[in-house]
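Enquirer: Got a sequence here, can you build the structure:
(2 chains)
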Amino acid sequence: MNIEQFLEEKVRSIVKDIWGVEPDTGQLQLQQTRKDFEGDITLVAFPLLKISHKSPEETCNAIGEKLVELHPEIKGFNVIKGFLNISLTPSYWVNTFNDVLSQKDFGFKAFNQTEDPIVIEFSSPNTNKPLHLGHIRNNLLGMSISRILEKSGKRVVKVNLVNDRGVHICKSMIAWMKFGNGETPQSSGKKGDLFVGNYYVRFDKEFKVQVEKLKAEGLSEEEAKVKAPILLEAQELLRKWEAKDPETIALWEKMNGWVYKGFDQTYSDLGITFDKTYYESQTYLLGKAEVAHGLSKGVFHKKDDGSVWIDLTADGLDEKLLLRADGTSVYITQDIGTAIQRYNEYHFQEHIYVVGNEQEYHFQVLKLIMKKLGYNWSDALYHLSYGMVLLPEGKMKSREGTVVDADDLMNEMVETARDMSNELGKLDDVDTSTTNQIIRMIGLGALKYFILKVDPKKNMTFNPKESIDFNGNTGPFIQYTHARIRSVIRKANEMGIIEGKTDNNISPNEKEVTLIKLIGKFPEAVQNSASEHNPALIANYAYELAKEYNQFYHDYSILKEENASTRLFRINLSTVVANTLKNAMWLLGIDVPEMM
RNA sequence: GGUCCGGUAGCUCAGUUGGAUAGAGCAACAGCCUUCUAAGCUGUGGGUCAUGGGUUCGAAUCCCGUCCGGAUCACCA
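Expert: Coordinates of the predicted model:
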C-alpha cells in the first residue's frame, strides 16, 4: 500500500467525523510534498472547503490535529495556505522499506494465465532494404511495451508482419538478374539485407537513366516514368510471382532468405524477439471473403466498374476503396482479414499496432470498418501511433543519402562507448570478452534510452553529428549508477556483512526517505506506463531514481558508516535501488553491467 | 481546404485525474577525487510555458479564437 492510499482512508473518515459528510475520491487530493516544504505528503484543502465551510487554514488544522491524535504513524504537520503538509515517523518508512526488501521483483506482477492475451504487432519491415533509425524506434517501442505490459500482469503475444511481396522486392530481383552476375552476400561479404537493398538502389539508378533517355526521345516525364523498360520488367515479374512461376518464386525465396538472415542479425543485436512472424505473401489474399460478406450486409457497395467501396463520409471520413475493379485487394483489405484471423487465433483483449503516425487515418478507417461489419471487438484494436525520427534538417531521405542505417548506428554507439571506456581506463584489468560485453551494453543502452525516453507520440530529433550523450540524462548514467552500487555490494560481501532485515530503530535521513518514497512509486510507474503504452514514463522514473541515489551516495558513506544498523540499512537500500534500476531498465530492453 | 498531432531555457526533453516559487540534461562558467567507481556531485546564468480571450479559490495543464510546424485526406504500403 502506498502513502496516498494509506492516508486517503484516514482523512476520509476524519472529514466525515468532523463535518458529517463523506468526501468523494476527487475531493481528497493527496500529493507528494514539494521539496521546499517540510513534510512527506500533502493534502490540498481547497476541494474540502465545500464540506467544512471553514477557511483553508482552519480546515487543514482540524484535519491535521485529528490525524496526529489518532494515528501513531503520523509525526506531525504544518499548514501553509491551503496545503496540509503531513510528516510520517521514521518507523513508518523503515517498515515500508522492509516490506519492499522482502519482495522478489517489487513492482512486477505475474501475468494472469486465464485472461485473454494482448497481441502486439511491431517492426513490420519491407524486404527491400535494411532497417534504419525509424525502424529502431518502432522495434524498441514494441519490445519495451511488450515487456511493460507483461510485467503489469498481462499475457502478451508479440507478432511481426513482414512485407515480403509486391513490386518493391521485384525491383531488387530484376536488378540482381540484370547486374548481379551471380553475386551473393557470401561472395561479396555483405550483410544480406544490405546486399539486397543495394540492388533496390541499383534498380532506381537504372530507372532514372531510362527515364532520361525516354524524355530525350520526346516523351513527357509522366509517360517516361510509366514506360521505362526496367519498371515494366519488374511489373511483369510481379505478375509471374502471382502466377506462381517456379523460377520467379525460387529467386524471390532466395533473395528474401538473404534479407531475413540480415534482419535476424539486426534483431539479435537490438534484442528484439517475436512469438510469431507472419508474411504478407501468405496473408495478402485474406479479407476478400469479408468484402463479399460486407457487400451482402450492405455495409459496402459496388461501383459500375466492379470496384468495392465503403462510404465513411457520415463519420467524417471519406470513401475508401476495398477491392479494385480487377478484383485485387489493397492494403486495408488484408488488414481486415488479418485482424479477423488473429482474433480467431488469440481471442485477444487488445490488439496493438505499433505503426508510425503517418498511418493514423488508415487505422481509424480499419477500426470503423470492423465496427460496421459487426465485430464487437473492434474497440480492442489500438493504433500505437508514434512520431517520426527527424534529422536536424528534416526527414531522412534515401535519395539524399541521409538515412541513418540501424547497423551502422549501433556500431558507432558501441565504438564511442569503447573510446570512452578506454579513456577512463576502468576496465583495463578486465578480460577482453567481458569488456566487449560491457561496452556493447553501454553503447546500446545509450541508443535505446535516447529513443525511449521521449514520449512515443512526439516527433523526435536525432543529430548524427552531435552523437548521443553518455552523461546526464542517459542510459549509461543509469547503468553507471547500477554498476557503482554493485561494486559497493561486492565490497560489503568481502567485508562479510550479512544481509538481513533493517533494524526498526534506525531513523532514515532526508535523502534516505526520499529514496524509500521513490522506490515505492515503481509499481505505479509500471502500471501507468502499461496503461498509457508509454515506456518514457519508465525511463524518466529510472533517471529520477538514479539521480537521487547518486546524491545520497555522494553525501553519505555506506561501508564506512560506524553504526552497524545504519550501515546495514544503507546496504539494503542500495541493493533495492540497484534491483529497481535493473528491472526498470529491463522494461526498456536495456541491460545493466556489474561494473563499467 | 477538412481531420488529427504538436509548439515549455540557445539545443534535446520532463512536467498524467487543474495545485504552492515551471524542472532536468546538453552547451557556458565556477567549484569538489590520499576517502565505498568523478560516465559522479555542488553552484551560477538562462523562461511573456507560441499568442489573445474564457472557465475558477488556482491554468503550462481544461474550453474557444489566431499564428507557426508536422502528418494525413491514393485503385501506395
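Enquirer: Next to RNA strand B in this structure, residues from the stretch 401-550 of chain A, please.
Expert: A:417, A:420-421, A:424, A:426-427, A:442, A:453-455, A:457-461, A:463, A:469-474, A:476-477, A:480, A:483-484, A:486-488, A:491, A:528, A:532, A:534, A:536-537, A:540, A:543, A:547, A:550 (CB under 7 Å from any atom of the strand). Placement of C-beta: from N, CA and C, glycine included.
Enquirer: Do you know the pLDDT at the residue lying closest to residue A:262 once chain neighbours are set aside?
Expert: Once flanking residues are discounted, residue A:262 sits nearest to residue A:193: 3.1 Å by CB to CB, 6 or more residues apart in numbering. With respect to pLDDT, residue A:193 has a value of 96.
Enquirer: tell me which element residue A:193 is part of?
Expert: Element membership for residue A:193, per DSSP states H and E: helix A:192-216.
Enquirer: does that helix come close to RNA strand B?
Expert: No. Helix A:192-216 lies apart from RNA strand B when judged by CB under 7 Å from any atom of the strand; the minimum separation is 14.2 Å.
Enquirer: Buried residues, that helix. List them.
Expert: By 16 or more other CB atoms under 10 Å, the buried positions in helix A:192-216 come out as A:192-203, A:206-207, A:210-211, A:214.
Enquirer: Pull up the gap between the closest residue to RNA strand B within the stretch 101-250 of chain A and residue A:536, please.
Expert: In the stretch 101-250 of chain A, the residue that lies nearest RNA strand B is residue A:163 (4.8 Å; CB to the nearest atom of the strand). Residue A:163 is 28 Å from residue A:536, where distance means CB to CB, to the nearest Å.
Enquirer: The two: which is more packed in?
Expert: Between residue A:163 and residue A:536, counted using other CB atoms under 10 Å, the more crowded position is residue A:536 (20 against 17).
Enquirer: what about residue A:358, how many neighbours?
Expert: Around residue A:358 there are 10 residues (other CB under 10 Å).
Enquirer: got a list of what it touches?
Expert: residue A:388 (CB atoms under 8 Å, 6 or more residues apart in numbering).
Enquirer: mind checking pLDDT for it?
Expert: So residue A:358 comes in at 91 (pLDDT).
Enquirer: now it, what's its secondary structure?
Expert: helix (DSSP: H, G, I helix; E, B strand; the rest coil).
Enquirer: Could you report the distance from it to residue A:294?
Expert: Distance of residue A:358 to residue A:294, given as CB to CB: 26 Å.
Enquirer: And the helix or strand following the helix holding residue A:193, what does it pack against?
Expert: Per DSSP H and E, the first helix or strand lying C-terminal to helix A:192-216 is helix A:221-227. Secondary-structure packing of helix A:221-227 (3 or more CB pairs under 8 Å, 6 or more residues apart in numbering; DSSP states H and E): helix A:192-216.
Enquirer: ok, the most centrally placed residue in chain A - contacts?
Expert: Most central in chain A under CA atoms, centre = their mean is residue A:141, positioned 2.7 Å from the mean C-alpha point. Neighbouring residues of residue A:141 by CB under 8 Å, 6+ apart: A:122, A:354, A:384, A:386, A:452, A:456, A:535.
Enquirer: which SSE is the residue lying closest to the last one once chain neighbours are set aside in?
Expert: With sequence-adjacent residues excluded and distances taken as CB to CB, 6+ apart, residue A:535 is closest to residue A:144, at 4.1 Å. Per DSSP H and E: residue A:144 is located in helix A:133-151.
Enquirer: How about the secondary structure of residue A:85?
Expert: Under three-state DSSP, residue A:85 comes out as strand.
Enquirer: For residue A:320, grab phi and psi.
Expert: The phi/psi pair for residue A:320 (degrees, to the nearest 10) reads phi -130, psi 130.
Enquirer: what's the burial count for it?
Expert: Count around residue A:320 with other CB under 10 Å applied: 19.
Enquirer: For residue A:526, see how far away residue A:184 is.
Expert: Residue A:184 sits 47 Å away from residue A:526, going by CB to CB.
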